[in-house]
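Trainee: Any chance you can model this:
(2 chains)
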Number of protein chains: 2
Amino acid sequence: MAQREVARAVADQAIARLGARLLPSAVPADVAEFRNGAGNAVGSLDVHRGSPGSSIDFMLQSSLHCKVPNGAIDITSILIFLNALTDAPHFLLELIQGSSTSIVVILDLLPRKDLAFHPDYLQKYYEETRMDEQRGKIEELPQTRPYRSPSLFVRSACSPTAIMVSIDCGQGGEKALEEIMHGQLATVIQEVLQIWLDNCVDSTTEMDEVERDCLLKRDRIVRSKSIEVDLTANLPRMFGPDVSSRVITEIRKAFGVQEP
Amino acid sequence: MAQREVARAVADQAIARLGARLLPSAVPADVAEFRNGAGNAVGSLDVHRGSPGSSIDFMLQSSLHCKVPNGAIDITSILIFLNALTDAPHFLLELIQGSSTSIVVILDLLPRKDLAFHPDYLQKYYEETRMDEQRGKIEELPQTRPYRSPSLFVRSACSPTAIMVSIDCGQGGEKALEEIMHGQLATVIQEVLQIWLDNCVDSTTEMDEVERDCLLKRDRIVRSKSIEVDLTANLPRMFGPDVSSRVITEIRKAFGVQEP
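Mentor: Numbering: from 1, shown residues only, chains lettered A, B, ... in the order given. Coordinates of the predicted model:
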């Protein structure tokens, strides 16, 4: 499946570059792979914590597959979050596919500061890295439409160069979509990851205590809120309360946030 | 001209409701109306400061008209900014028209806090006011395309429910555009203004000194940066250095920000 292949290539690229900065996977077997009672939904979760002294907080990969009456829903996520040694953006990729001819893509360097308050941060990570050109490469495809997350919070948390699009190739467009995914989309995801690897992973930021507290607090709010919006809303529907509570517990652990 | 008429109706609606909260206009005559040496560009600026004790900082209306080889460029802005008695959003409308068949619209309740850091603020001013439905009413028009400001800063400063669109009615679409402007667009602008009047103007916010300092600092950065992006880039080209420096000085005075 194109979605999985593209995500795997990106994850491999990240893991190869991050190397010893990542600790071995640390997820119990019944969360590394999980399914629902009815057998129509299956998921996987993999979390690597960052090694001590590195700027990596964690790398999280997840995939969900759920059969529905007219086909299946597939969601793949790759998050690589940094810790408070730096204020550089996190890496975020989410692919949400509800049919074989269309896909929603969310790809961003997730900002960790208020961009309107910190134009220097905006310039460093978004203007100088020419992130907007990557967005342009996807949005110029005629099959692409802007995707507005129904969550205003998700829209607020993303950067102004975030790629948030729905690519719809219409009836009979299975092959066209596969070509885009293996072509322009895979290229742009890899390039954005490369920009992130080159500009964010090895950066360290001098911060006084107030700044670090503020960064940590903001990180925590964004993480809690993402779990609330993204997972606690969807997982129980797909996997029932027991499985999803086990999975969400592991994700909370990775994110370092408590239940609300 | 439809653009002027729509803007005037909105300004009148605001002035009628704000009443004694606005002081009389306080702009020198050579800034209230100005033109360039060649006579192909004319502009107007009107600024009302808020009266003492009110939450209004100022209301600014401006219009620019500049003949170009293939027609004319018309830009109308209405900004109503609040002071530090409240942290409620500002009102912002900008209409930019480069032809008789298309127009760019920027309409927002401009947030004064980092929305990812303050989900309660997002909920209060953007979710509970159902601002996103207003955006939907304009974006559902078939002539509408998303407008991305080339300035990442402008995109960062706006809310996730900001209406940032280009409405293009194509060749021969003069009448269609006028109808949209007097119809759906005028309605949405008036409704957004009404939401702002009902939810923001009379609100006061208890803040400690640190919070108020932070709000004021953020306001100052957004204001300085907007002037830099919007005016110091464009006005001199249209009106030459002398006229534009006079106009920008008055705008800086209203905004309460110094030259960089």
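Trainee: for chain B, what are the nearby residues on chain A?
Mentor: Applying CB under 8 Å from any CB of the partner chain, we find that chain A lies next to chain B at A:111, A:114-117, A:119, A:122, A:126-127, A:132, A:146, A:152-153, A:155-157, A:159-161, A:217-218, A:221-222, A:225. C-beta coordinates here come from the backbone N, C-alpha and C atoms, glycine included.
Trainee: Give the buried subset of the residues you listed as a ChimeraX selection command.
Mentor: Buried subset of the residues of chain A next to chain B, written as a ChimeraX selection, criterion 16 or more other CB atoms under 10 Å in any protein chain shown:
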select /A:111,114,115,116,117,119,122,126,132,152,153,155,156,157,159,160,161,218,221,222,225
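Trainee: buried stuff in the strand or helix carrying residue A:224?
Mentor: Using DSSP states H and E, the element containing residue A:224 is helix A:209-226. Neighbour-count burial for helix A:209-226 flags A:214-215, A:218-219, A:221-226 (criterion: 16+ other CB under 10 Å).
Trainee: Stretch A:251-258 too?
Mentor: Neighbour count says stretch A:251-258 has A:251-252, A:254-255, A:257 buried, by 16+ other CB under 10 Å.
Trainee: Any chance of these in a markdown table with secondary structure and pLDDT as columns?
Mentor: A markdown table is the format used below for these (DSSP: H, G, I helix; E, B strand; the rest coil; pLDDT from 0 to 100):
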| residue | secondary structure | pLDDT |
| --- | --- | --- |
| A:251 | helix | 90 |
| A:252 | helix | 89 |
| A:254 | helix | 87 |
| A:255 | helix | 86 |
| A:257 | coil | 84 |
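Trainee: give me the number of residues near residue A:26?
Mentor: Counted with other CB atoms under 10 Å in any protein chain shown, residues neighbouring residue A:26 total 14.
Trainee: The one helix or strand in chain A whose mean pLDDT sits lowest vs helix A:209-226, what angle?
Mentor: Least confident helix or strand, chain A: helix A:232-255 with a mean of 88, by mean pLDDT, DSSP states H and E. Here the directions of helix A:232-255 and helix A:209-226 differ by 140 degrees (axes from the mean of the first three to the mean of the last three CA atoms, to 10 degrees).
Trainee: list the buried ones in helix A:232-255?
Mentor: Buried, per 16+ other CB under 10 Å, within helix A:232-255: A:232, A:235-236, A:238-239, A:243-244, A:246-248, A:250-252, A:254-255.
Trainee: nearest to residue B:178, of the residues you listed?
Mentor: Residue B:178 has its nearest neighbour among these in residue A:232, at 48.0 Å by CB to CB.
Trainee: So the closest one sits against residue A:248, correct?
Mentor: Yes - the criterion here is CB atoms under 8 Å, and residue A:232 meets it with residue A:248 at 6.4 Å.
Trainee: re the thing from before, next, format the buried residues of stretch A:251-258 as CSV and append distance to residue B:62.
Mentor: Formatted as CSV, the buried residues of stretch A:251-258 follow (distance: CB to CB, whole Å):
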residue, distance to residue B:62
A:251, 49
A:252, 50
A:254, 50
A:255, 46
A:257, 46
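Trainee: Show me which of those residues is closest to chain B.
Mentor: Set against chain B, the nearest of the buried residues of stretch A:251-258 by CB to the nearest CB is residue A:257 (13.7 Å).
Trainee: ok, back up a step: packing partners for the helix holding residue A:224?
Mentor: helix A:152-157, helix A:232-255 (3 or more CB pairs under 8 Å, 6 or more residues apart in numbering or on different chains; DSSP states H and E).
Trainee: right, so of these, which gets closest to residue A:173?
Mentor: Of all the helices and strands packed on helix A:209-226, helix A:232-255 comes closest under CB to CB, at 25.8 Å.
Trainee: same for the closest one, what does it pack against?
Mentor: Judged by 3+ CB pairs under 8 Å, 6+ apart, helix A:232-255 is in contact with helix A:29-32, strand A:33-35, strand A:41-49, strand A:56-68, helix A:209-226.
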